[in-house]
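J.: Sequence and predicted model, in that order:
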Amino acid sequence: METTITRISRTRKGRFALFCEAGFLFSVDEETFSTGHLAEGMTLDDGQLEEFVRKSDAQRAKDKAFAYLAAREHASGELFQKLCRDFDEHTAAAAVAKMDELGLLNDGAFARRAAAWLLSKSKSRSEILRWMAARGVDRDLARQALEEAYEECQADAPEGLGPDGAAALRLVEKQYAAKLAAGKKQNVLAALARRGFSSGDARRAVELWLEEHPADGEL
């Protein structure tokens, strides 16, 4: 089946809207419009129409990927997930591959910075790994980045506490000191468990705080 382009108009977003006798067909980006030499009166078969749609979607996906990366750094998996909201998986994957080819993606660096930042926010190991998984970071890469971050902060951890325990202690000091001072030790332990801290790390962090504040809580 063949379709004749009867009208072309420029959209507010700078794309070119194509029309036929039956009405609106689709819109294409400027590059696709120019390289395809599209013009009113041109007749295209179904295969040609599909190819123009594919090329325009590919360019639009790349433009959207650029926009996401201009706003902030993304892991490749997160970028793929976002692009899949508007494009099919093949188009989204091609756009991600193009960003990687241009050197705009670095999952290892993203994971390391994210791990350090989340540790500074007193997040637990499980919270950090869930955060990275939600953004499409490879599980092994996330674990490796977290272990490297733990190694860097291990020297600053109080004696007897690992990095996760130290994060639990910082959280206690920031958010749960008043509850401990009121003798609500079990409530604090339950809250830390909900935040993903192991029972051992949570208990050691709470006990250390109570040792340092003997007048403020109950052992």
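T.: In hand now; what should we look at?

J.: For the one helix or strand L69 maps to, list every residue counted as buried.
T.: Secondary structure from DSSP states H and E places L69 in helix 46-71. By neighbour count on 16 or more other Cβ atoms under 10 Å, the buried set for helix 46-71 is 49, 52-53, 55-62, 64-65, 68. From N, CA and C alone the C-beta is placed, and that goes for glycine too.

J.: Turn those into TSV, including pLDDT.
T.: As requested, the buried residues of helix 46-71 are exported to TSV (pLDDT from 0 to 100):
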residue	pLDDT
L49	91
F52	92
V53	90
K55	91
S56	90
D57	92
A58	93
Q59	91
R60	91
A61	95
K62	94
K64	94
A65	96
Y68	95
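
J.: Just name the closest of the residues you listed to M99, please.
T.: Checking the buried residues of helix 46-71 against M99 with Cβ to Cβ, the nearest one is A65 at 5.2 Å.

J.: Got the phi and psi for D29?
T.: Per-residue torsions, D29: phi -80, psi 170 (degrees, to the nearest 10).

J.: which ones are touching it?
T.: G14, R15, F16, S56, Q59, R60, D63 (Cβ atoms under 8 Å, 6 or more residues apart in numbering).

J.: For L104, I want the exact helix or strand it lies within.
T.: Here L104, judged by DSSP H and E, is contained in no helix and no strand.

J.: quick one: it and L69 touch, right?
T.: Yes - contact criterion Cβ atoms under 8 Å: L104 and L69 qualify, at 5.3 Å.

J.: Now A168. Nearest residue, chain neighbours left out?
T.: Excluding the flanking residues, the one nearest A168 by Cβ to Cβ, 6 or more residues apart in numbering is A205, at 3.8 Å.

J.: pLDDT at the one you found, what is it?
T.: In this model, A205 is scored at 89, pLDDT.

J.: So it lies in a strand, does it not?
T.: No - assigned with DSSP: H, G, I helix; E, B strand; the rest coil, A205 falls outside any strand and is helix.

J.: any idea how far S34 is from it?
T.: Between A205 and S34 the computed distance is 62 Å (Cβ to Cβ, to the nearest Å).

J.: Which single one of the contacts of D29 is nearest to F26?
T.: S56 (7.4 Å).

J.: Show me what the helix-or-strand element of the chain with minimal mean pLDDT is packed against.
T.: Using mean pLDDT, DSSP states H and E, the weakest-scoring helix or strand in the chain turns out to be helix 163-171, at a mean of 86. Contact here means 3 or more Cβ pairs under 8 Å, 6 or more residues apart in numbering; DSSP states H and E; on that basis helix 163-171 packs against helix 139-153, helix 199-212.
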